[in-house]
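In: could you work out the structure for the sequence below:
(chains A and B)
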Amino acid sequence: MPTFRTHFSYEALLELRSSYTCSSVKTDSKFTQQELPACKPILTPKWVISVFVLVGVIFVPIGVASLRASQQVVEIVDRYDDACVPANVTDKLAYIQDKSIQKSCTRTLTVTKDMNQPIFVYYQLDNFYQNHRRYVKSRSDDQLRDKSKAAVTTNCDPEATLNGKPIVPCGLIAWSLFNDTYNLILNNDNLTVDKKDISWKSDREHKFGSDVFPQNFQQGPLIGGKTLNPNVSLSEQEDLIVWMRTAALPTFRKLYGRIHVDLKVNDTITVHLENNYNTYSFGGKKKLVLSTTTWLGGKNDFLGLAYLTVGGLCFFLAFAFTLLYLIKPRKSGDNNYLSWNRPPVGR
Amino acid sequence: MASERPLLVATTPGACNPDDAPSPHPPAASLLPPAQQEPPLRADPLAFSVEVPDPFRPSRRGDGPVDDPSASSQREREVGDNESRAVVVGEPSPEFAGNAIRTAKYSVLTFLPRNLFEQFRRLSYVYFLAITVLNQLPQVAVFGRGASVLPLAFVLFVTAVKDAYEDFRRHRSDRQENNRLASVLAPGTAGDFQPKRWKHIRVGDVVRVASNETLPADMVLLATSDPTGVAHVQTVNLDGETNLKTRYAKQETQVRFSQNGGVSGILHCERPNRNIYGFQANLDIDGKRVSLGPSNIVLRGCELKNTTWAIGVVVYAGKETKVMLNSSGAPSKRSRLETQLNRETVILSIMLIGMCTTASVLNGLWLLNHRGELEFTQFFREKDYTTGKNYNYYGVGMQIFITFLMAVIVYQVIIPISLYISMELVRLGQAYFMGADKDLYDESSRSKFQCRALNINEDLGQIRYVFSDKTGTLTENKMVFQCASIHGVDYSSGEDTGGYSVVVGDNLWTPKMAVKTDPQLVKVLRDSGKNEEAKLVLEFFLALAACNTIVPLVLETRDCNQKLIDYQGESPDEQALAYAAASYGIVLVERTSGYIVIDVLGDRQRFDILGLHEFDSDRKRMSVIVGCPDRTIKLYVKGADSSIFGITNKSSELDIVRATEAHLHKYSSLGLRTLVVGMRELSQSEFEEWQLAYENANTAVLGRGNLLRSVAANIECNIRILGATGIEDKLQDGVPEAIESLRQANIKVWILTGDKQETAISIGYSCKLLTNDMTQIVINNNSKESCQRSLVEALATTKKLTGLASEASRVTIALIVDGNSLVYILETELQEELFKLATECSVVLCCRVAPLQKAGIVALIKNRTDDMTLAIGDGANDVSMIQMADVGVGISGQEGRQAVMASDFSMGQFRFLVPLLLVHGHWNYQRMSYMILYNFYKNATFVLVLFWYVLYTAFTLTTAITEWSSLLYTVLYTSLPTIVVGILDKDLSKATLLAYPKLYGSGQRDEKYNVSLFVLNILEALWQSLVVFYLPYFAYRRSTIDMSSLGDLWALAPVVVVNMLLAMDIFRWNWIIHAFVWGTIAATTICLFVIDSIWILPGYGAIFHIMGTGLFWLLLLIIVVTAMVPHFVIKAFTEHFMPSDIQIAREMEKFKNVNQVNRSEIPMRGFS
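Out: Numbering: from 1, shown residues only, chains lettered A, B, ... in the order given. So this is what the prediction gives:
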């Protein structure tokens, strides 16, 4: 076999190719002969039925457990955006934008079931697209973490600078910080809402600098939301930290605080709230939520139902396949079933 | 190859044979050396390479077959070559290209621009680039700049490094090549040769080359160490042929050199061209014009052998040398799967545009609905209040347009560009395993399987037609003389006599190969030297020994007194005949350009070769004019029976002719190749007349080929039939079994051969292509009308037979078509009829076909059906067919490497076709189909998940998944397992595939890749994307979930889902596949960890946070299970209730039926 030893491009290329395409025939290893030991799974009726039964057996209990967990959650939801605007106000937008008006409002909630502490206090916004493209990009993580990078406001427009000086924290997200406040009173006693530790620890420690303080914040022509105390470092501004974990979906809750008191059924809670946040411009809803949690989180029956459905479906499929296999059994590996061994018409 | 006879030192007969000093006055006519010539019955590579001058030029492939394979193009060439170059011998001329070569493409400076330019010639890279550029526009930017450039940069970088390395190798070899030394005659001196680097050699330089040295440029020989001007060269680097070729210096220059040590003259030669077998020039020397042909030129890259030195004048240098002109790439073919893939790409493009349009229109509607609110909406903030102008908002119309462009960037992944790279990698891996397969390794020739074209591996799994050459492909092309018919007497019993040796001085010279001899014939030859019969027998053997271009080489053996005669020649038939003559005692001992020496039964005689008419495929014969020791002048002819019987002496004995014809018929029905030998004694006047015409023709500048042909036609007449020979061409190992397997696999095997009808039919029988229960239809006509008539009749017959077939047992029909008829059928309206007829027949044999007709027949099928065609051959005459077929396979056998050079795959034996197609072809097709569909599916799943999210972001193309994960999804998260599976997974074992050739049908029927499978995959992607998106959506609705956390779930879940689907479809789990599938999921998780550990990204810490919740894990579990349920149900259902053949075979493999497989494997042992 003449080896093609030349110095010319095409052959050289071929040689190069063949040097790795056909290395050595001598090594008849299992690898080169593609005979590595291997497992060859085949879906036999036994396997199919076992898999369906197994999935069913695992899924139905999980579904029941999830559903129970969800049922245990006690949740009080109160929508207040409409109710907290005086009935005589026709232009809600003008009302909410008017800084001179005191926008206090009182709501009364009744506990429907015993609630064990900790009870989580959330605010819920509907139709607020925290995931809007313009919005979600408008932040500077450099600036939040590092004092020396205060001037890094590249993506923050249109809330990047004020009179040439950088805004800290810059960007639309920080600018639109939620600023309604809630004071909860239980049977005439002040109900303390613990606002510590409502944000992620990792955010406080690594993402928001303890030596970074707000500058020029919320001083532009349009106030978007809450102002920040310039003497408190960002890592301690937990409302901001929570807010800046932008929500994935347009209807979302954010943690406002926790109550470390058990609530009894029929307790009434009076909420004095400051209705400052403007959702009227786009028809967004605002809700106050008090909720307990379980190992699965808040109230949501969906997961349990999904598990039960899939588990049930698998049981049904196991049954259906068993039936099918009984009605039309086929010996596996029977070469009479090869197409050229089958009778030409019908089976 | 040279290592084959390491112990033997070859010497030229002339050099060691002082008694046979050349005659001082060689006859003038002997000056013209015999030129190359070719086996008589096979269409000859020389003539062929003139007709299709360039096997490498792709444009020829599309050309239709030529109806008349005569030398029309040759005529054109000769006329077209008016412009020539003039070279003054001994005067280096700067006006032509120098001898420095440059195969490297780039220099340090030009590398970057040129390499980038080359890379961007691929359409997919341009698409990539356009997307990247689009992303750089600030309004449209979806990804960060760095992130978006990265994948393209990565691909470009890897390719550039690969190119740079290859180019570096080329630079190095260029440098080595250019700096080699040659001894060059200093201009103006006589015999003063000085060393000079190759790169400084120029056209016109006179160069001296010693034995075993490589020739630095294309040179016309001026003189050699042999007094008659003979030089031997080995052209292995040029065309792979290892036998020695004889080249001649012209007597005029040879003599002049020995007198003056220098030559002056002007040489006019053709412009540089790629035809390595053609050359025409004239040398004006001493006012005389000497014509030069292909036998006077030696080419760059060849090595001088068995010649102490040779001196030549450089006519083509450097990049104008024939080898450099031939070093361009083979034409590239595209695989059928890749062509089909384009259709799906179009569908996906439409989907992409649809999604982009939906997103942008919805975005526009949303903006219209919220028109008045945008100013104070916190998350939109239409205005920049410090300036009072709109911020980044250009009105609804513009917004729609921008959204559309952004959508294109976000969803571009749905067209899997990385698929092309994956496919290349998979093919490389497949090629590695095909090359490494020991079943494709030929022990006898030590040749490996080679993938020469890396882009059509999967086509091997869909072949429906195999077009096979006969000689050298089905047969070994080792010719053995079997029988002779001399003067109407058949001598066909052979007996091993151990050969015949010649005594030369003290030495015993033995031909290298002994042929069985017929005792009766030996007796006739020995006993009665004087009777008429013995005289004819002697003439017969003299014709065999003289009428050829064989060069006898005398090889030393370990025994000093024993020498071997090795007949070197380009035609195996001629070698066989020369060995046969030698075994009967008529031994060709020596050849120079002017005469040959033949040992006639112990008596050494000199025969002057006065002229030689080369073999060509028109005349189908060759002749030589010999001046015999008894002063008579004889013409010996040998050739195909049809061609010789046409020129016989009309008055010759009819009974002898009839007897010979009967014998010929008998030989060819035994499967032997037949030749007829004839002679004619020339009178002095006839000879002189011929000599004049011959010399005129030889020195003609224009139309030399035609002139020579007419000279030959004039002299080749009135031939007396001496006899005929039968040469056996043995079948290769395992050919009948291989053909049977292919037939079972529903592959139609057509044999296209240059042999006679009877030979072709008998070979058909011996390789079990034809069987006795077949009905044979023969089309053999000499006019268009009769062809038409027989085609119509044949069609009617087949209709009748196949009509019956449905009821009774199947009648198989074999069609035998003759080359003569094909002349009238191909390229005319009769083609259609032939096509209809041929597709009805299960066997087609085409005999006496010319090379271009072979391509025409392939084109007949290829252009009219969607069926894949494969052509397999070994000789230069198969090149056009190999290039025409969808897949070309070259056998690296006896006939040089022309076929291999033009082929897509090359291997050592015909029977390897069975494992190649049935095993590797099947695997390759199955793997590649699955990989393509899977890639469409996995990218669609991901893109659809992105799309569903956009519906909840006010249609603003936000992605919850980080941009890094989006980019890594195709590159890292999901690509490696499919590549590994595409290389390693096997649906069935080799033994099963060989035992059940019908399993090959899945590729022929496009079972693994078709539109409905594509649609099924896209539906699967749709379902899975819905599951991946909506289960978390509903579970996390109205919760505190943040974008990064949910994005991580949406990134991880599809990766797990698509990898699980792959896992479900894998046939064979070995440790490598395990490692890659599970490793990829682990790697994805690690990547998510790493991305979420970067402080300055918004998602910092999210994955750790969400993985700490039980909800995440429960969701992941239910997503994976729910996503898989439909696939699992469909798979379980079809595999049990609608099992494919492959499924049944898999079950047979896995369960008990192993014995069954083994039993049927036994007859197939030939392959494994």
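
In: domains in the chain, by residue range?
Out: I went with chain A, as the question did not name one. According to automatic domain parsing, chain A comprises the domains A:43-73+A:295-326, A:74-292.

In: I was thinking of chain B, sorry if that wasn't clear
Out: If you go by the TED database, the domain ranges for chain B are B:102-180, B:201-326, B:331-412, B:417-430+B:919-1159, B:450-473+B:732-907, B:475-729.

In: how about these in TSV, adding mean pLDDT, mean neighbour count and distance to residue A:90?
Out: (Each C-beta comes from the backbone N, C-alpha and C, glycine too.) Shown next, in TSV, are the domains of chain B (pLDDT from 0 to 100; neighbours: other C-beta atoms under 10 Å in any protein chain shown; distance: least, C-beta to C-beta, whole Å):
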stretch	mean pLDDT	mean neighbour count	distance to residue A:90
domain B:102-180	78	15	38
domain B:201-326	80	21	89
domain B:331-412	84	17	16
domain B:417-430+B:919-1159	90	21	27
domain B:450-473+B:732-907	83	22	72
domain B:475-729	82	20	102
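
In: quick revisit: nearest to residue B:574, of the domains of chain A?
Out: Nearest to residue B:574 among the domains of chain A is domain A:43-73+A:295-326 (63.3 Å), distances taken as C-beta to C-beta.

In: quick one: that closest one near chain B?
Out: Yes - counting by C-beta under 8 Å from any C-beta of the partner chain, chain B is contacted by domain A:43-73+A:295-326 at A:43, A:45, A:48, A:51, A:55, A:59, A:62, A:66, A:295-298, A:300, A:302-303, A:306-307, A:310, A:313-314, A:317, A:321, A:324-325.

In: please pick the buried ones from those.
Out: When these are checked for burial by 16 or more other C-beta atoms under 10 Å in any protein chain shown, the buried set is A:43, A:45, A:48, A:51, A:55, A:59, A:62, A:66, A:296-298, A:300, A:302-303, A:306-307, A:310, A:313-314, A:317, A:321, A:324-325.

In: coming back round to it: filter the residues of domain A:43-73+A:295-326 next to chain B down to the ones in helices?
Out: With DSSP state H as the criterion, helices contain A:45, A:48, A:51, A:55, A:59, A:62, A:66, A:302-303, A:306-307, A:310, A:313-314, A:317, A:321, A:324-325 from among the residues of domain A:43-73+A:295-326 next to chain B.

In: just to revisit the earlier point, quick one: closest of the domains of chain A to residue B:1055.
Out: Closest to residue B:1055 of those is domain A:74-292 (C-beta to C-beta; 18.7 Å).

In: start to end distance for that closest one?
Out: End-to-end distance for domain A:74-292, by C-alpha to C-alpha, to the nearest Å: 6 Å.

In: equivalent analysis for stretch B:742-762, please.
Out: With C-alpha to C-alpha, one end of stretch B:742-762 sits 20 Å from the other.

In: try stretch B:1005-1018
Out: This stretch, stretch B:1005-1018, spans 21 Å end to end (C-alpha to C-alpha).

In: lowest average pLDDT across the domains of chain A?
Out: Least confident of the domains of chain A, judged by mean pLDDT, is domain A:74-292 with a mean of 89.

In: what does the nearest residue to residue B:285 once chain neighbours are set aside show for phi and psi?
Out: Computed as C-beta to C-beta, 6 or more residues apart in numbering or on different chains, the closest residue to residue B:285 that is not its neighbour in sequence is residue B:265, at 3.8 Å. Backbone torsions for residue B:265, taken as degrees, to the nearest 10, come to phi 170, psi 170.

In: and residue A:167, which of the domains of chain B is closest to it?
Out: Among these, the nearest to residue A:167 by C-beta to C-beta is domain B:331-412 (10.8 Å).

In: how far does the closest one sit from the chain's center?
Out: Here domain B:331-412 is found 48 Å from its chain centre; the criterion is C-alpha atoms, centre = their mean, to the nearest Å.

In: just stretch B:1087-1094 next, same as before
Out: Stretch B:1087-1094 sits 50 Å away from the centroid of its parent chain (C-alpha atoms, centre = their mean).

In: what does that stretch contact?
Out: Residues outside stretch B:1087-1094 that contact it (C-beta atoms under 8 Å, 6 or more residues apart in numbering or on different chains): B:962, B:964-965, B:968, B:972-973, B:1044, B:1048, B:1051-1052, B:1097, B:1099-1104.

In: which residues touch residue B:999?
Out: Neighbouring residues of residue B:999 by C-beta under 8 Å, 6+ apart: B:745, B:918, B:922, B:988, B:992-993, B:1141-1142, B:1145.

In: as TSV, those with secondary structure and distance to residue B:1070 would be great.
Out: As requested, the contacts of residue B:999 are exported to TSV (DSSP: H, G, I helix; E, B strand; the rest coil; distance: C-beta to C-beta, whole Å):
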residue	secondary structure	distance to residue B:1070
B:745	coil	27
B:918	helix	22
B:922	helix	19
B:988	coil	15
B:992	helix	17
B:993	helix	18
B:1141	helix	24
B:1142	helix	19
B:1145	helix	19
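
In: follow-up on the earlier one: and the domains of chain B: which comes nearest residue A:148?
Out: domain B:417-430+B:919-1159 (13.4 Å).

In: confirm that residue B:599 sits in a strand.
Out: Yes - counting by DSSP: H, G, I helix; E, B strand; the rest coil, one finds residue B:599 located in a strand.

In: who does it bridge with?
Out: Beta bridges link residue B:599 to residue B:587, residue B:604 when assigned by DSSP bridges.

In: do a quick rundown of the helices in chain A.
Out: Counting by DSSP H, chain A has these helices, from start to end: A:9-21, A:45-72, A:92-97, A:133-136, A:141-145, A:172-175, A:201-202, A:238-244, A:302-327.

In: winner for burial among these?
Out: Among these, helix A:172-175 has the highest mean neighbour count (mean count of other C-beta atoms under 10 Å in any protein chain shown), at a mean of 26.

In: so how far is that one from its chain's centroid?
Out: Centroid displacement of helix A:172-175 relative to its chain, using C-alpha atoms, centre = their mean, is 20 Å.

In: any residue of that helix touching chain B?
Out: Yes - interface with chain B: helix A:172-175 contributes A:172, A:175 (C-beta under 8 Å from any C-beta).

In: by contact count, what packs against that helix?
Out: With contacts taken as 3 or more C-beta pairs under 8 Å, 6 or more residues apart in numbering or on different chains; DSSP states H and E, helix A:172-175 sits against helix A:133-136, helix A:238-244.

In: OK, contacts around residue B:721?
Out: Residue B:721 neighbours (C-beta under 8 Å, 6+ apart): B:644-645, B:648, B:652, B:656-657, B:660, B:676-678.

In: checking it next. Helix, strand or coil?
Out: Under three-state DSSP, the three-state class of residue B:721 is strand.

In: Three-state assignment for the residue nearest to it when sequence neighbours are not counted, please.
Out: Spatial nearest neighbour of residue B:721, excluding adjacent residues (C-beta to C-beta, 6+ apart): residue B:678 at 5.2 Å. Under the three-state scheme (three-state DSSP), residue B:678 adopts strand.

In: right, and residue B:678 touches residue B:648 too?
Out: Yes - judged on C-beta atoms under 8 Å, residue B:678 makes contact with residue B:648 at a distance of 7.0 Å.

In: quickly list what's touching both of those two.
Out: Going by C-beta under 8 Å, 6+ apart, residues that sit against residue B:678 and also against residue B:648 are B:719-721.

In: which of these lies closest to residue B:480?
Out: Ranked by distance to residue B:480 (C-beta to C-beta), the shared contacts of residue B:678 and residue B:648 are led by residue B:721 at 23.4 Å.

In: what about that closest one, distance to residue A:194?
Out: To residue A:194, residue B:721 is 120 Å away according to C-beta to C-beta, to the nearest Å.

In: picking that back up, will you turn the domains of chain A into TSV that also has distance to residue B:792?
Out: Putting the domains of chain A into TSV (distance: least, C-beta to C-beta, whole Å) gives the following:
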stretch	distance to residue B:792
domain A:43-73+A:295-326	54
domain A:74-292	73
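
In: pull the residues that contact stretch B:1045-1055.
Out: With C-beta under 8 Å, 6+ apart, stretch B:1045-1055 has contacts from A:248-249, B:938, B:941-942, B:945, B:949, B:959-962, B:965, B:969, B:973-974, B:1024-1025, B:1028-1029, B:1032, B:1036, B:1080-1081, B:1084-1085, B:1088, B:1092, B:1099, B:1102-1103, B:1105-1106, B:1112, B:1115-1116, B:1119-1120.
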